[in-house]
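Asker: Test case, fold it:
(one chain, ligands or ions: 4)
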Amino acid sequence: MKTYKIASIPGDGIGKEVVPAAIRVLREVENIHGGLKFEVSEYPWGSEYYLEHQQMMPEDGLGTLKHFDAIFLGAVGNPDIVPDHISLWELLINIRRSFEQVINIRPARTFAGLSSKLANSEDFDFIVVRENSEGEYSEAGGTIHQGGDKVAIQNAIFSRKGTERAMKFAFELAEQRRNKVTSATKSNGIYHTMPFWDEVFKDVSDNFPEVQTEKEHIDALAASFVTRPERFDVIVASNLFGDILTDIGAAIMGSVGIAPAANINMNGKYPSMFEPVHGSAPDIEGKGMANPIGQIWTAKMMLDHFGETEIADQLLTAIESVIRKGIVTQDIGGKATTTEVTDEIIQQLAEVT
Ligand SMILES: NC(=O)C1=CN([C@@H]2O[C@H](COP(=O)(O)OP(=O)(O)OC[C@H]3O[C@@H](n4cnc5c(N)ncnc54)[C@H](O)[C@@H]3O)[C@@H](O)[C@H]2O)C=CC1
Ligand SMILES: CC(=O)C(=O)O
Ligand SMILES: [K+]
Ligand SMILES: [Mn+2]
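Answerer: Ligands and ions are numbered 1, 2, ... in the order given. A predicted model of the protein is given here:
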């Protein structure tokens, strides 16, 4: 029996609805597989925890998480009670940085039976590799003066090490796919960091002569995601560009509610963290309407990460068949509740295996 220790952090809002749903699916994975066990420990960290303790997680929270095989997180953010930059930086971004989860992998693709928000869209299947440790998401900077004189400075940080690492990851991923990498740049408007980004891209691409490359400015690239998503294979992007592109990728699939993501630690020192692209969706919290597919597909990525690829593929097949049957939540055109979709995925999983 192989046992995986998972730290579950539902977080805020619909995170508290979709994480338990995905854990139920993982329980079915255990049943079907027979040789796998998930030891799940749940931590109630988030904005409500902050109200009580003035911090998003306990002082030794990272020490607690460190010993797990993976972290399975929903979403963080309840802007009514904690400012977003505090809640995200103290929990989500703190874990990403402290645990050196330097790459964020975010796939997007069409599914049979799921009508993309694009009219007459062709099939597409791409993965955004988002640099996850530096870039525009940075604490470097500050404010001076107050009121009308107030000035805010925010520095973007691009190291050769971090940039090269993300690009190399993207090329290696492309080699296992369709051999194409697109670089998201903006070297026409951002004077220092983006020409540097282009320079590193050129250097890394020289080591992968068989991979086709292109670079596109982020504005045009964002438009291409909408007009011609079928032409992409792997896209490598900085932290902010990758963040924005992956919400577009999710939107053209049909909904941000189905997009998965994996925050990958590459040096083996700390666990990786699996959390969907979407946030805590306060507008639909508590209504039973949250699409659980993003979180469940994220669980599939966690299974892949563990090397349990066969059952992971079966889980994706189960998700696909539920989409095809149209037993889906409102965001993708159905009437089903979070629980009904989850029940159906569990049932399909039993049937496909
Ligand atoms: N990784 C994380 O934990 C993230 C956290 N956030 C935080 O979440 C809060 C809300 O942020 P928003 O910008 O509104 O982004 P959001 O992704 O939470 O919501 C955007 C829209 O998508 C819908 N949506 C999201 N997930 C859905 C699902 N599973 N099923 C159906 N509909 C879904 C929401 O109802 C909303 O209309 C903020 O506090 C924000 O900082 C936002 C993005 C990522
Ligand atoms: C914070 C956020 O939106 C993200 O990391 O995707
Ligand atoms: K999330
Ligand atoms: Mn985002």
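
Asker: With adjacent residues omitted, what lies nearest to residue 236?
Answerer: residue 170 (3.8 Å; C-beta to C-beta, 6 or more residues apart in numbering). For glycine as for every other residue, the C-beta is placed from the backbone atoms N, C-alpha and C.

Asker: Quick check: residue 63 vs ligand 3, distance?
Answerer: Separation of residue 63 from ligand 3 (C-beta to the ion, to the nearest Å) stands at 23 Å.

Asker: ok and the residue in the stretch 201-350 of the chain nearest ligand 3?
Answerer: residue 275 (4.0 Å; C-beta to the ion).

Asker: returning to what we had before: need the contact list for the residue nearest to residue 236.
Answerer: Counting by C-beta atoms under 8 Å, 6 or more residues apart in numbering, residue 170 touches 129, 181, 234-236.

Asker: The residue of the stretch 201-350 of the chain closest to ligand 3 touches residue 92, doesn't it?
Answerer: Yes: using C-beta atoms under 8 Å, residue 275 is in contact with residue 92, at 7.5 Å.

Asker: State the pLDDT value of the residue lying closest to residue 255 once chain neighbours are set aside.
Answerer: Excluding the flanking residues, the one nearest residue 255 by C-beta to C-beta, 6+ apart is residue 331, at 4.1 Å. Listed pLDDT for residue 331 reads 97.

Asker: Please report phi then psi for residue 331.
Answerer: Dihedral pair for residue 331: phi -60, psi -20, per degrees, to the nearest 10.

Asker: Show the secondary-structure elements that the longest helix belonging to the chain is packed against.
Answerer: Using DSSP state H, we find that the single longest helix of the chain is helix 15-33. Of the remaining helices and strands, those touching helix 15-33 by 3 or more C-beta pairs under 8 Å, 6 or more residues apart in numbering; DSSP states H and E are strand 2-11, strand 36-42, strand 70-75, helix 293-306, helix 309-325, helix 338-352.

Asker: Looking at the longest one now, give me its mean pLDDT.
Answerer: Helix 309-325 carries an average pLDDT of 97.

Asker: how about that helix: buried residues?
Answerer: 311-312, 314-323 (16 or more other C-beta atoms under 10 Å).

Asker: and the residue in the stretch 201-350 of the chain positioned nearest to ligand 1, how many neighbours?
Answerer: The minimum distance from the stretch 201-350 of the chain to ligand 1, using C-beta to the nearest ligand atom, falls at residue 279 (2.4 Å). Counted by other C-beta atoms under 10 Å, the residues lying close to residue 279 total 22.

Asker: Might you report the residue contacts of it?
Answerer: Counting by C-beta under 8 Å, 6+ apart, the residues that residue 279 touches are 13, 75-77.

Asker: Thought residue 179 was touching residue 210, still the case?
Answerer: Yes: using C-beta under 8 Å, residue 210 is in contact with residue 179, at 6.3 Å.

Asker: hang on, the earlier thing: can you list the contacts of residue 170 in JSON lines and add distance to residue 206 and pLDDT?
Answerer: Shown next, in JSON lines, are those (distance: C-beta to C-beta, whole Å; pLDDT from 0 to 100):
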{"residue": "129", "distance to residue 206": "18", "pLDDT": "98"}
{"residue": "181", "distance to residue 206": "13", "pLDDT": "99"}
{"residue": "234", "distance to residue 206": "17", "pLDDT": "99"}
{"residue": "235", "distance to residue 206": "19", "pLDDT": "99"}
{"residue": "236", "distance to residue 206": "15", "pLDDT": "99"}
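
Asker: what about burial for those residues, which qualify?
Answerer: 129, 181, 234-236.

Asker: Then residue 103 would be within a strand, right?
Answerer: Yes: with the criterion set as DSSP: H, G, I helix; E, B strand; the rest coil, the secondary structure at residue 103 is a strand.

Asker: I'd like the numbering to begin with 444 instead of 1 from here.
Answerer: In the new count, where the first residue is 444, that last one comes out as residue 546.

Asker: Need the pLDDT of the closest residue to it other than its chain neighbours.
Answerer: Distance criterion C-beta to C-beta, 6+ apart; nearest residue to residue 546, sequence neighbours excluded, is residue 707 at 4.4 Å. On pLDDT, residue 707 comes in at 98.

Asker: three-state assignment of residue 707?
Answerer: When classified by three-state DSSP, residue 707 comes out as strand.

Asker: okay but it is in contact with residue 549, surely?
Answerer: No: using C-beta under 8 Å, residue 707 is not in contact with residue 549, being 11.1 Å away.

Asker: Those two: which is more packed in?
Answerer: The neighbour count for residue 707 versus residue 549, taken as other C-beta under 10 Å, is higher for residue 549 (26 against 19).

Asker: so who does that one touch?
Answerer: 570-573, 685, 689, 692, 702-705, 720.

Asker: Would you tell me which one of these comes nearest to residue 778?
Answerer: Of all the contacts of residue 549, residue 702 has the smallest distance to residue 778: 21.4 Å, by C-beta to C-beta.

Asker: Show me what from this structure comes close to ligand 3.
Answerer: 518, 718-719 (C-beta under 5 Å from the ion).

Asker: Using CSV, write down the CA coordinates of stretch 503-513.
Answerer: Output in CSV follows, covering the C-alpha atoms of stretch 503-513 (Å, rounded to 0.1, in the frame of the first residue of the first chain):
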residue,chain,number,x,y,z
ASP,A,503,5.0,27.3,12.6
GLY,A,504,2.5,26.8,9.7
LEU,A,505,5.3,26.3,7.1
GLY,A,506,7.0,23.9,9.5
THR,A,507,3.8,21.8,9.7
LEU,A,508,3.3,21.8,5.9
LYS,A,509,6.9,20.9,5.2
HIS,A,510,6.5,17.2,6.1
PHE,A,511,3.7,16.5,3.7
ASP,A,512,4.0,14.9,0.2
ALA,A,513,1.8,17.6,-1.2
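
Asker: Since that was my last question, I'll sign off now.
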